[in-house]
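**Q** No sequence on hand, only this structure:
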């Protein structure tokens, strides 16, 4: 509707400008044919056709081009009708693909140029072809430039949308990986304990099976919450953070991995949700890797609150050694840290074991 109104207003303006401006032009071009009702009818047709220019650009250019060519062939004074013609050329160049737009513009250029040699008494000759062609070439070039700019902007918007979608898919994949991976690692450890104890100490195996049931329920609940948030396009509330580390420690203790948790200092203010979530997920993934690969008997988690950052250190008493190639756990933790402007280091310790250390900077204004 807005386009219809805009084009209708443009047609009215060109009609008013064409009728009034042409009368002024005729008074200042004594050699031109005297303006009559037919000249004004051609001006009106050319102006009125612009109301449909974006719906049928090729048809409008054909109508305006025909009216303008007849007007000039009859020797009427040069006037605003040529501006209506240029607007129609611009619309074709801006709205159609380059090849058909070029063919259409070239086709209307031929009858438009006839007036430079017909009638013969005007003696314009080939010298008049340049000015005549300019009324096609200039608006055509402008329209092509606008169309290319518009297409480039659309491609940029599409690319930005694809990047946002890809980033969101990666974020969801990382969340699901952390939730499911941690739960499965704990369940695997508890299942091995249950199988080991079942023949000799069935009552202790029952405790391990109970822990499996509890761990699986918590993992499914968290996974369900994550997928529900994704389905509805909103952030999960509440997101896990540093306050949930004691619960994580207790779950791992039930899974057979004692974890010592220490907190140094206090937050300078309310931590951003992104920092809280990244800190929790890094600790969770590091401890999940301990369960899966390290063969450790214990792990230590240290959280230090600084004025400008949160520092995490997770060490274990396992076999150490370099990370397994092809794994996504450490890469995912590093991505979480770097996304916040921080960094993460992970590697074996000289005396045995493995350490993950991450620094998550706090944005300005976090302090009270």
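**A** Perfect, thanks for sending it. The structure presented is a predicted model; accordingly, all values stated were derived computationally and were not measured.

**Q** Can you pull the poorly scored residue ranges out of the protein?
**A** Under the criterion pLDDT under 70, the flagged ranges of the chain are 26, 116-130, 164-190, 192-198, 203-208, 210-239, 255, 293-296, 319-328, 365-368.

**Q** can you pull out the helices in it?
**A** Along the chain, the stretches classed as helices by DSSP state H are 2-27, 37-49, 57-73, 81-95, 98-113, 129-197, 202-232, 245-254, 273-289, 329-339.

**Q** Which among these is found nearest to residue 347?
**A** For the helices of the chain, the distance to residue 347 is smallest for helix 329-339, at 9.4 Å, taking CB to CB. In this view, the C-beta of every residue, glycine as well, is placed from N, C-alpha and C.

**Q** re earlier: list just the one of the helices of the chain that sits closest to residue 298.
**A** helix 245-254 (10.2 Å).

**Q** Which strands and helices lie in contact with the closest one?
**A** helix 129-197, helix 202-232, strand 259-264, helix 273-289, strand 299-305 (3 or more CB pairs under 8 Å, 6 or more residues apart in numbering; DSSP states H and E).

**Q** now the angle from that helix to helix 273-289?
**A** 10 degrees (axes from the mean of the first three to the mean of the last three CA atoms, to 10 degrees).

**Q** got the angle between helix 245-254 and strand 299-305?
**A** 180 degrees.

**Q** So which bits of helix 245-254 are buried?
**A** 245, 248-249, 251-252, 254 (16 or more other CB atoms under 10 Å).

**Q** Would you confirm that residue 357 contacts residue 342?
**A** No. In this structure residue 357 lies outside contact range of residue 342 using CB atoms under 8 Å: 10.6 Å.

**Q** between these two, who's got more neighbours?
**A** residue 342 (22 against 18; other CB atoms under 10 Å).

**Q** quick one, what contacts the more buried one?
**A** 309, 358-361 (CB atoms under 8 Å, 6 or more residues apart in numbering).

**Q** so which of these comes closest to residue 202?
**A** For those, with residue 202 as the reference and CB to CB as the criterion, the closest is residue 358, at 41.9 Å.

**Q** That closest one bridge partners, please.
**A** With beta bridges defined as DSSP bridges, residue 358 has these partners: residue 312, residue 344.

**Q** Quick check, it in contact with residue 341.
**A** No. Residue 358 lies out of contact with residue 341 (CB under 8 Å); the separation is 12.0 Å.

**Q** Neighbour count: these two, which is higher?
**A** residue 358 (26 against 12).

**Q** if I pick that one, what's in contact with it?
**A** 279, 282, 311-312, 333, 337, 342-345.

**Q** now the residues you listed: which count as buried?
**A** For these, buried by 16+ other CB under 10 Å: 279, 282, 311-312, 333, 337, 342, 344.

**Q** Pipe the residues you listed into a markdown table and attach distance to residue 158 per row.
**A** Shown next, in a markdown table, are the buried ones among the contacts of residue 358 (distance: CB to CB, whole Å):
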| residue | distance to residue 158 |
| --- | --- |
| 279 | 35 |
| 282 | 34 |
| 311 | 40 |
| 312 | 38 |
| 333 | 32 |
| 337 | 30 |
| 342 | 31 |
| 344 | 33 |
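
**Q** gap between residue 102 and residue 84?
**A** Distance of residue 102 to residue 84, computed by CB to CB, to the nearest Å: 21 Å.

**Q** which one of those two has more residues nearby?
**A** Counting neighbours by other CB under 10 Å for residue 102 and for residue 84 shows that residue 84 has the greater number, 28 against 15.

**Q** Quick check: the more buried one touching residue 13?
**A** No. The criterion here is CB under 8 Å, and residue 84 misses it with residue 13 at 10.3 Å.

**Q** Please report the number of neighbouring residues for the closest residue to residue 330 other than its chain neighbours.
**A** Counting by CB to CB, 6 or more residues apart in numbering, residue 330 lies nearest to residue 346, which is 4.9 Å off, once chain neighbours are set aside. When neighbours are defined as other CB under 10 Å, residue 346 has 19 of them.

**Q** Contacts only, for residue 346.
**A** Applying CB under 8 Å, 6+ apart, the residues contacting residue 346 are 286, 323, 330, 333-334, 354-357.

**Q** do the same with residue 22
**A** 35, 39-40, 43, 76-77, 79-81.

**Q** Can you tell me how far it is from residue 138?
**A** In this view, residue 22 and residue 138 are 21 Å apart by CB to CB.

**Q** Residue 46 against residue 18, yeah?
**A** Yes. Counting by CB under 8 Å, residue 18 is a contact partner of residue 46 at 7.2 Å.

**Q** give me every residue that touches the nearest residue to residue 280 once chain neighbours are set aside.
**A** Distances taken as CB to CB, 6+ apart put residue 240 closest to residue 280, at 4.5 Å, once the chain neighbours are dropped. By CB under 8 Å, 6+ apart, the contact list for residue 240 reads 222, 276-277, 280-281, 284.
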